[in-house]
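Peer 1: Structure here, sequence nowhere to be found:
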């Protein structure tokens, strides 16, 4: 186990007081946020993130943050949105093999990428869809044939653990055609490995979920606690500490903790969970030390020349609430509440339900207009905050550097 948080937080400045109580985002506003997320998400990671957000916000009984999230599930736990996401994930397989041929023949394909849930240049992103496919398989939400698509999730797990490129020490590549590590990977793959391991009581795969977090941290962590965005590979590296990439990493490790804790394998992985918490808090400290007075973070948190980004800020806030709701740490709640207040005000001030300002998800240093993943991040933030409130709304003071001034103190309008 790595050194404790007492060393991590040494020398930090304490906030003088907790933030004041903030009203929740109104239901009609969240409805617009959700509708935009569903309408705009199309990429594998967007749909996988959306599926997890819908689960956490609307279907708590199957959320891995709940104690009894594992099957058997009731067929009455239906969701048109989740069913559509699962069906879309399998559409290419259905077209290639037919409804009645989804069997082990997937493994006989020459190109291992055919084993992925969806064809993708990323080795990691399709794994984010694994949980919703498992749910649809178990409950018969696709064609009302329970068990029909178990091979789909199994083949995805087989590809990730056996065929995807790796570094010499075992870190799974985020890309299919090169060994390249992205901080984004942390939200896509370790939670899926942990989820599949919990479903099948696979201790080897659960350990691999942890090991991927450990290895990625070794490659990407900087002295500030923040992680570099993209390392290794022939081209396309991003050695800077991209905000969304760091938020992906922290949220992915938080989700992995939840799955470990609520699985039958919990007692075997208490040390690993403690490590994951420390690694999350390293990132949180590195990010929130640069929180703007508006509550937002820069697109690159430690680069004041980059623009404020509500997208990554929302996902950081979601993780802060989950840490507190789980009784692990409430020191980040004041920062989350400051972020929540800004995002809530912006969404209520707009009429269309789009989060702003946001980074272009496909151009990391460029301001965007609409972000599908950003919409899902708001849903994850709201779900996390609801869990925090149900757990008693613990609201401690927390460590940070001085808040940075933003050039614009007004609530940003939707673009």
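Peer 2: Yes, it's here. Values in this document were obtained by computation on a predicted structure and should not be read as measured data. Residues are numbered from 1 along each chain as shown.
Peer 1: alpha carbons only for contacts and neighbour counts from here, please
Peer 2: Will do.
Peer 1: Now do the buried residues in stretch 191-211.
Peer 2: 191-198, 205-211 (16 or more other C-alpha atoms under 10 Å).
Peer 1: now, which of those sits nearest residue 235?
Peer 2: Of all the buried residues of stretch 191-211, residue 235 sits closest to residue 211, with 25.4 Å by C-alpha to C-alpha.
Peer 1: What distance do you get for that closest one to residue 42?
Peer 2: Separation of residue 211 from residue 42 (C-alpha to C-alpha, to the nearest Å) stands at 30 Å.
Peer 1: for the stretch 1-150 of the chain, what spans make up the helices?
Peer 2: 5-8, 27-40, 44-58, 80-97, 130-139, 150-158 (DSSP state H, counting those that start in this stretch).
Peer 1: Oops, could you answer that again for the stretch 251-400 of the chain instead?
Peer 2: 270-288, 310-325, 333-349, 372-390.
Peer 1: so how many other residues sit close to residue 168?
Peer 2: 8 (other C-alpha atoms under 10 Å).
Peer 1: Please report how far it lies from residue 33.
Peer 2: 42 Å.
Peer 1: tell me the contacts of residue 244?
Peer 2: 184, 299, 311-312, 315 (C-alpha atoms under 8 Å, 6 or more residues apart in numbering).
Peer 1: Could you pull up phi and psi at residue 240?
Peer 2: phi -80, psi 170 (degrees, to the nearest 10).
Peer 1: Tell me how many other residues surround residue 357.
Peer 2: When neighbours are counted by other C-alpha under 10 Å, residue 357 registers 26.
Peer 1: what about the helix or strand encompassing residue 196, average pLDDT?
Peer 2: For residue 196, the host element (DSSP states H and E) is helix 190-200. What helix 190-200 shows for mean pLDDT is 96.
Peer 1: which strands and helices sit next to whichever helix or strand comes after that helix?
Peer 2: Once helix 190-200 ends, the next helix or strand along the chain (criterion: DSSP H and E) is helix 203-220. Packing partners of helix 203-220 (3 or more C-alpha pairs under 8 Å, 6 or more residues apart in numbering; DSSP states H and E): helix 190-200, strand 230-231, helix 243-261, helix 270-288.
Peer 1: try 7 Å
Peer 2: Contact here means 3 or more C-alpha pairs under 7 Å, 6 or more residues apart in numbering; DSSP states H and E; on that basis helix 203-220 packs against helix 190-200.
Peer 1: got the angle between the helix it packs on and helix 243-261?
Peer 2: 20 degrees (axes from the mean of the first three to the mean of the last three C-alpha atoms, to 10 degrees).
Peer 1: Not including adjacent chain positions, what is the nearest residue to residue 176?
Peer 2: Excluding its sequence neighbours, the residue lying closest to residue 176 (C-alpha to C-alpha, 6 or more residues apart in numbering) is residue 123, at 4.8 Å.
Peer 1: Tabulate the helices of the stretch 251-400 of the chain (TSV), appending distance to residue 61, mean neighbour count and mean pLDDT.
Peer 2: Formatted as TSV, the helices of the stretch 251-400 of the chain follow (distance: least, C-alpha to C-alpha, whole Å; neighbours: other C-alpha atoms under 10 Å; pLDDT from 0 to 100):
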stretch	distance to residue 61	mean neighbour count	mean pLDDT
helix 270-288	22	21	98
helix 310-325	16	29	98
helix 333-349	25	22	96
helix 372-390	13	25	97
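Peer 1: Let me have the ones you listed in TSV, extended by distance to residue 229.
Peer 2: Formatted as TSV, these follow (distance: least, C-alpha to C-alpha, whole Å):
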stretch	distance to residue 229
helix 270-288	13
helix 310-325	13
helix 333-349	23
helix 372-390	17
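Peer 1: So which of these is nearest residue 151?
Peer 2: helix 372-390 (27.6 Å).
Peer 1: what's next to the closest one, contact-wise?
Peer 2: The set of residues external to helix 372-390 that reach it, using C-alpha atoms under 7 Å, 6 or more residues apart in numbering, is 33-34, 36-37, 40-41, 46, 49-50, 53, 56-57, 311, 314-315, 317-318, 321-322, 324-325, 355.
Peer 1: One more pass at 6 Å, please.
Peer 2: Applying C-alpha atoms under 6 Å, 6 or more residues apart in numbering, the contact partners of helix 372-390 are 33, 37, 40-41, 46, 50, 53, 56-57, 311, 314-315, 317-318, 321-322, 325.
Peer 1: And it, how far out from the chain middle?
Peer 2: 11 Å (C-alpha atoms, centre = their mean, to the nearest Å).
Peer 1: Make 857 the first number, not 1, from now on.
Peer 2: Renumbered: residue one is now 857, and that last one reads helix 1228-1246.
Peer 1: Residue 1148 versus residue 1202, what's the distance?
Peer 2: For residue 1202, the distance to residue 1148 - C-alpha to C-alpha - is 15 Å.
Peer 1: Check residue 1210 too.
Peer 2: Per C-alpha to C-alpha, residue 1210 is found 21 Å from residue 1148.
Peer 1: Same question for residue 1209.
Peer 2: Relative to residue 1148, and taking C-alpha to C-alpha, residue 1209 is found at 23 Å.
Peer 1: now do residue 906
Peer 2: Taken as C-alpha to C-alpha, the span from residue 906 to residue 1148 is 27 Å.
Peer 1: Residue 1137 now?
Peer 2: For residue 1137, the distance to residue 1148 (C-alpha to C-alpha) stands at 19 Å.
Peer 1: Kindly report the same for residue 1020.
Peer 2: Counting by C-alpha to C-alpha - residue 1020 and residue 1148 are separated by 39 Å.
Peer 1: now do residue 899
Peer 2: Residue 899 sits 31 Å away from residue 1148, going by C-alpha to C-alpha.
Peer 1: For these two, indicate the residue with more neighbours.
Peer 2: Remark: of residue 899 and residue 1148, residue 1148 carries more neighbours, 23 against 15, as counted by other C-alpha under 10 Å.
Peer 1: Is that one bridged to anything, and to what?
Peer 2: Beta-bridge partners for residue 1148, by DSSP bridges, are residue 1260.
Peer 1: So for residue 929, what's the nearest residue that isn't a sequence neighbour?
Peer 2: residue 995 (6.6 Å).
Peer 1: what does residue 1195 give?
Peer 2: residue 1151 (4.2 Å).
Peer 1: Confirm for me that the one you found is in contact with residue 1193.
Peer 2: No - contact criterion C-alpha atoms under 6 Å: residue 1151 and residue 1193 do not qualify, at 8.2 Å.
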